[in-house]
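J.: Show me the folded form of this:
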Amino acid sequence: VEVDPMPARVIIGFDASPGADAAVEAVASRNWRGQSEVKLIAVSDPITPSAIGVFMPPVADWTEEANESEREWLEKSAESSLEKLRAAGLTATFLTEAGNPKQILAREAERWHADSIFVGANHFGSRIEKFLLGSVSAAVAARAHCSVEVVRRQAA
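T.: The predicted structure follows:
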């Protein structure tokens with residue numbers, strides 16, 4: 001069996017949740033070829049003002065401020081994960097994108113020629129929450145051109 005000598009390119013879906021932390025842990029704990037790269041990607045759903053709100057400066061300013069605040073929070077939340085990945089010998093970068101994670105993670109993986117995508121499984125209480133919110137990992141797996149690993153947190 002011939003092993004691909006190229007460094008790996010891995011994407012981790014990041015939303016500062018316990019599931020995302022588990023995905024970072026899974027990637028950091030594995031042995032990767034030298035010079036392997038990890039891209040931590042946070043996808044946010046920006047607030048947009050209604051049609052009338054666009055013409056009201058206070059509303060437009062508030063929405064931009066809220067969106068910037070979320071981007072800053074995600075960047076700050078990602079710092080420890082980036083440090084953990086770098087300590088494991090990986091080149092790690094962070095990217096925020098606006099939109100739907102189901103589409104953006106798969107699109108970015110194809111654009112970047114990623115070898116795999118890691119996403120965390122978050123636990124939700126009700127069946128409807130599992131159906132609506134837990135569908136991100138399934139949708140990414142269905143759309144991605146590469147392997148997708150859904151990482152579950154270990155029970156305490």
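J.: Any regions of this protein where pLDDT drops low?
T.: Where the chain drops to pLDDT under 70, the residues are 1-4, 46-57, 59-63, 67, 123-134, 155-156.
J.: Which helix runs longest in it?
T.: helix 57-87 (DSSP state H).
J.: Tell me the strands beside the helix or strand following that one, with direction?
T.: Downstream of helix 57-87, the next assigned helix or strand under DSSP states H and E is strand 91-98. Strand pairing for strand 91-98, using DSSP bridges, gives strand 37-44 (parallel).
J.: Near Lys84, how many other residues are there?
T.: Burial measure for Lys84: 17 neighbouring residues, criterion other C-beta atoms under 10 Å. (Glycine included, C-beta is placed from N, CA and C.)
J.: follow-up on the earlier one: what are the buried residues along the longest helix of the chain?
T.: Thr63, Asn67, Glu70, Leu74, Ser77, Ala78, Ser81, Leu82, Lys84, Leu85 (16 or more other C-beta atoms under 10 Å).
J.: Closest one of those to Ile11?
T.: Nearest to Ile11 out of the buried residues of helix 57-87 is Leu85 (C-beta to C-beta; 11.9 Å).
J.: Return the residues in contact with the closest one.
T.: By C-beta atoms under 8 Å, 6 or more residues apart in numbering, the contact set of Leu85 is Val24, Val27, Ala28, Val38, Leu40, Ala92.
J.: Taking the residues you listed, tell me the two that lie furthest apart.
T.: The largest separation in those, counting by C-beta to C-beta, is between Ala28 and Leu40 at 11.3 Å.
J.: quick one: which of these two has more around it?
T.: Set Ala28 next to Leu40 and count neighbours by other C-beta under 10 Å: Leu40 wins out with 24 against 20.
J.: which residues does the more buried one bridge with?
T.: Bridge pairing for Leu40 - DSSP bridges - gives Ile12, Phe94.
J.: That one touches Ser81, doesn't it?
T.: Yes - counting by C-beta atoms under 8 Å, Leu40 does reach Ser81; the two are 6.1 Å apart.
J.: list the residues that contact both of the two?
T.: The contact lists of Leu40 and Ser81 share Ile12, Phe14, Val24, Ala92, where a contact means C-beta under 8 Å, 6+ apart.
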